[in-house]
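> Structure, please.
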Amino acid sequence: MSIVAVGVLAFDSIKTKKGIREKILGGSLTHFANAASLLSKPRLIGIVGGDFLSEHWKAIENMASDISGIVSLNDEKCFFWEGCYSDDFEVRQTIRTELNVFEKFNPRVPEHYKEKDSILFLANMDPSIQKQILIECKDSKWKILDTMNYWISNSREKLNEVFGLVDGIIINEEEAFLLTGEKNVLLASERLFSPNLKLIIVKRGANGMMAFGKDFCISLPAFPLREVVDPTGAGDSFAGGFVSYLDFYKIKQLNRRNVKRAAIYATVVASFCVEDFGLDGIRAVTTRDIEKRLKSFREMIMVE
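Predicted coordinates:
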């Protein structure tokens, strides 16, 4: 198996009560790959500008198995996002978003990416682009996507079309409510299910996550931390951890047991993300760190 991931490579400027970082490497695809690379380095599809320097290319190469799907337009600038967080991290304010080179993103999937046993992950982006890639990668074993409030509010019809082409969706609680009009995660998941969907994952931030299959429901808490530094990329890191677990362990069925194990691993990986700015929290992680935290987390959620 292998992972093909499509999304945004960006620069972020972030302010939290723990400090400020200017123009650090970020974006949905970057955070996904950073987390996934702990188990299974993905093949990437994205676009960057001329301000994406050799040091940034090296960082991406280190977390990917193949970057031939990344296009560079030297006369453009990379996607840029600037934001800040409230002291309790409950509120994120976007100060500035510049699409820049991403406005010209018209991805073409390299032929050698189109393997039948691959897992396709589509990070948050225009559903028209997601649909285009899904058509090209129609033979992927599993197709999983993320989205956001903007596309739910402004491209609902296109998004509904895309939902009909995938096996799983990963969204946050607010997005689930916006999609369905419900204010209860269980009711929202019931409204979201369609014949093609095998899995719905709802990220709940500090409240953990829930996963729903045709015949199961899983609920996990977040891993408790003494200190949060920067929650940017936590959701994408969860997705990277989850998908890489499916790939590394060659999971053949999205049943309760497999989904729960993947979600436990992904929750632990995402917990490392928020302990430092940008990519640094996961970059500093060792296999021993993950194993130790996995053991602690399993003990927390186990029924004696």
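> hang on, S40 in a helix?
No. Applying DSSP: H, G, I helix; E, B strand; the rest coil, one finds S40 to be coil, outside a helix.
> Report how many residues lie close to G181.
9 (other CB atoms under 10 Å). All C-beta spots, glycine's among them, are computed from the backbone N, C-alpha and C.
> Tell me the pLDDT of it.
What the model reports for G181 is a pLDDT of 95.
> And for it, nearest residue in space, chain neighbours not counted?
Nearest non-adjacent residue to G181, counting by CB to CB, 6 or more residues apart in numbering: R191, 7.8 Å away.
> For the one you found, what is the enclosing helix or strand?
helix 185-192 (DSSP states H and E).
> Listing partners with orientation, what would you give for the following helix or strand past that helix?
For helix 185-192, the following helix or strand on the C-terminal side (DSSP H and E) is strand 199-203. The pairing partners recorded for strand 199-203 under DSSP bridges are strand 168-172 (parallel), strand 209-213 (antiparallel).
> possible to save these as CSV with distance to E111 and mean neighbour count?
CSV is the format used below for those (distance: least, CB to CB, whole Å; neighbours: other CB atoms under 10 Å):
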stretch, distance to E111, mean neighbour count
strand 168-172, 25, 23
strand 209-213, 33, 22
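> Adding mean pLDDT, write the ones you listed out as CSV.
Below are the strands paired with strand 199-203 laid out as CSV (pLDDT from 0 to 100):
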stretch, mean pLDDT
strand 168-172, 96
strand 209-213, 97
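> now the ones you listed as JSON lines including distance to V202?
Output for the strands paired with strand 199-203, formatted as JSON lines (distance: least, CB to CB, whole Å):
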{"stretch": "strand 168-172", "distance to V202": "6"}
{"stretch": "strand 209-213", "distance to V202": "5"}
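> For C273, which of those strands is the nearest?
Taking CB to CB, strand 209-213 is the member of those nearest to C273, at 14.0 Å.
> quick check: angle from the closest one to helix 185-192?
40 degrees (axes from the mean of the first three to the mean of the last three CA atoms, to 10 degrees).
> Straight-line length of stretch 30-48, end to end?
12 Å (CA to CA, to the nearest Å).
> can you check stretch 152-160 too?
For stretch 152-160, the end-to-end distance is 9 Å (CA to CA).
> how far away is the closest residue to S189 other than its chain neighbours from G235?
Distances taken as CB to CB, 6+ apart place F212 nearest to S189, at 4.2 Å, with adjacent residues excluded. Remark: distance between F212 and G235 (CB to CB, to the nearest Å) = 17 Å.
> what packs against the host helix or strand of I14?
If you go by DSSP H and E, I14 is part of strand 10-16. Packing partners of strand 10-16 (3 or more CB pairs under 8 Å, 6 or more residues apart in numbering; DSSP states H and E): strand 19-26, strand 79-85.
> Can you lay out the ones you listed as a markdown table showing distance to L186?
Formatted as a markdown table, those follow (distance: least, CB to CB, whole Å):
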| stretch | distance to L186 |
| --- | --- |
| strand 19-26 | 33 |
| strand 79-85 | 29 |
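> from those, which stretch is densest packed?
Most buried of the helices and strands packed on strand 10-16 by mean neighbour count (mean count of other CB atoms under 10 Å) is strand 79-85; its value is a mean of 19.
> contacts for that one?
The contact list for strand 79-85 (CB atoms under 8 Å, 6 or more residues apart in numbering) reads 8-17, 23, 26-27, 91-102, 230-232.
> Please check those and keep the buried ones.
Neighbour counting by 16 or more other CB atoms under 10 Å classes 8-16, 26-27, 100-102, 230-232 among these as buried.
> Next, the buried residues of the helix or strand of the chain at the bottom of the mean pLDDT ranking.
Sorting the helices and strands of the chain by mean pLDDT, DSSP states H and E puts helix 149-154 at the bottom, at a mean of 89. For helix 149-154, the neighbour count (16+ other CB under 10 Å) marks W151, I152 as buried.
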